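Undergrad: Take a look and give me a structure for this.
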Amino acid sequence: MSDQEFRSRAIDAGRPSAARMYHYYLSGEAVFEVDKAFGEKIFRTFPYADVWARHNRGFLQRATRFMVAQGIRQFLDIGSGLPTVGNTHEVARETAPESRVVYVDNDLEAVTRAQDLLEGQHALDTTAVVEADLRCPDLILEHAETRRLLDFDAPIGLLLVSVWPFVPDSDRPYELMAQLRDRLPAGSYVAMSHASLSEASAEVKDRILALTELYKQTSDPAISRSRDEFAAFFDGFELVEPGLVHAPDWRPTEPVDSQDPARPCNFAAVGYKP
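TA: As a prediction, this is how the structure comes out:
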């Protein structure tokens with residue numbers, strides 16, 4: 001897909017989407033009846049889906065707070081999904097009210113809901129939502145709203161949390177990441193997470209494989225990648241301590257359950273662009 005080939009994706013009430021299902025795992029709210037029915041299948045197959053989603057969300061929030069503490073005041077959140085509790089702009093503004101955020105998603109339901117939220121919060125002066133696809137980085141980076149809010153002469157916090165699983169190798173994900181990296185100013189950070197089965201228990205691996213098969217029924221088929229495959233997304237970045245770890249282990253603010261079966265199902269890391 002090129003920037004010229006990007007087409008708005010209409011809301012499909014007859015088939016689940018990754019954004020709506022992630023929202024369902026986090027909130028329990030089914031946007032459409034098909035989401036609820038599919039969610040019931042998911043939980044029968046992978047009963048830790050809500051825990052897995054919270055690991056991702058918690059990592060995003062901790063990474064955002066970390067970036068704010070490093071002086072980052074502008075954020076690009078690609079694949080942001082439906083707005084829910086603790087969105088990036090809300091987390092950043094807890095300690096840095098001047099923070100600016102651009103959200104990006106290719107799911108029209110996510111874009112519409114985010115727009116409504118921002119309007120209701122009177123936040124559109126410093127926050128925007130862009131309908132675009134990660135596969136079209138130039139469209140994202142050159143979008144009028146991105147250019148209105150983000151200064152590419154100053155460090156940016158880039159968030160790509162649980163997005164790469166929906167970009168298959170055929171779409172050249174590492175080349176896409178390199179394009180984003182090369183456009184980031186020095187001093188920027190990137191936070192990424194990725195679903196994986198490589199370090200899960202045998203039982204959980206089988207469940208993840210079944211989950212991957214189920215996701216073929218959605219608008220966004222998903223894939224898993226290994227630790228090394230995920231690490232390759234950070235080429236050109238310096239990993240921030242504690243490096244590449246399971247999502248709940250990245251600078252936790254509360255005790256981590258070592259017996260949590262969902263714990264090894266996500267890799268996460270934050271990188272710094274020198």
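
Undergrad: what about the strands in the stretch 51-200 of the chain?
TA: 74-78, 100-105, 127-131, 157-161, 189-195 (DSSP state E, counting those that start in this stretch).

Undergrad: Please work out which of those strands is packed deepest.
TA: Among the strands of the stretch 51-200 of the chain, ranked by average contacts under mean count of other Cβ atoms under 10 Å, first place goes to strand 100-105 (a mean of 27). C-beta: built from backbone N, CA, C; applies to glycine.

Undergrad: Off-centre distance for it?
TA: Relative to its parent chain, strand 100-105 has a centroid offset of 11 Å by Cα atoms, centre = their mean, to the nearest Å.

Undergrad: same deal with stretch 210-222?
TA: Chain-centre distance of stretch 210-222: 17 Å, with Cα atoms, centre = their mean.

Undergrad: how many neighbours does Thr45 have?
TA: With neighbours defined by other Cβ atoms under 10 Å, the count for Thr45 comes to 17.

Undergrad: oh, I was asking about Pro248
TA: Residues lying near Pro248 (other Cβ under 10 Å) number 25.

Undergrad: can you tell me how far it sits from Trp52?
TA: Distance of Pro248 to Trp52, given as Cβ to Cβ, to the nearest Å: 10 Å.

Undergrad: which residues do those two both contact?
TA: Asn266 (Cβ atoms under 8 Å, 6 or more residues apart in numbering).

Undergrad: Hmm, Tyr272 and Gly236 touching each other?
TA: No. Shown here, Gly236 and Tyr272 do not form a contact pair, counting by Cβ atoms under 8 Å, at 10.3 Å.

Undergrad: which residue ranges form the helices in the stretch 101-250 of the chain?
TA: Remark: helices assigned in the stretch 101-250 of the chain by DSSP state H, counting those that start in this stretch are 108-120, 137-142, 144-149, 173-183, 202-215, 227-231.

Undergrad: export those helices to CSV and tack on mean pLDDT, distance to His23 and mean neighbour count?
TA: Listed next are the helices of the stretch 101-250 of the chain as CSV, based on pLDDT from 0 to 100; distance: least, Cβ to Cβ, whole Å; neighbours: other Cβ atoms under 10 Å:
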stretch, mean pLDDT, distance to His23, mean neighbour count
helix 108-120, 91, 8, 18
helix 137-142, 96, 21, 18
helix 144-149, 98, 22, 14
helix 173-183, 98, 23, 17
helix 202-215, 92, 15, 16
helix 227-231, 98, 24, 16
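
Undergrad: Not counting sequence-adjacent ones, nearest residue to Pro264?
TA: Leaving out its chain neighbours, the residue that sits closest to Pro264 by Cβ to Cβ, 6 or more residues apart in numbering is Glu199, at 4.3 Å.

Undergrad: Run a quick neighbour tally on the one you found.
TA: Neighbours around Glu199, by other Cβ under 10 Å: 14.

Undergrad: residues contacting it?
TA: With Cβ under 8 Å, 6+ apart, Glu199 has these contacts: Arg227, His246, Pro264.

Undergrad: What of Phe267?
TA: Neighbouring residues of Phe267 by Cβ under 8 Å, 6+ apart: Ser193, His194, Ser196, Arg227, Phe230, Leu244, Val245, His246, Ala247.

Undergrad: does the last one really touch His55, like I thought?
TA: Yes. Between Ala247 and His55 there is a contact at 4.3 Å, judged by Cβ under 8 Å.

Undergrad: which residues do the two both contact?
TA: Listed as contacting both Ala247 and His55 by Cβ under 8 Å, 6+ apart are Arg263, Asn266.
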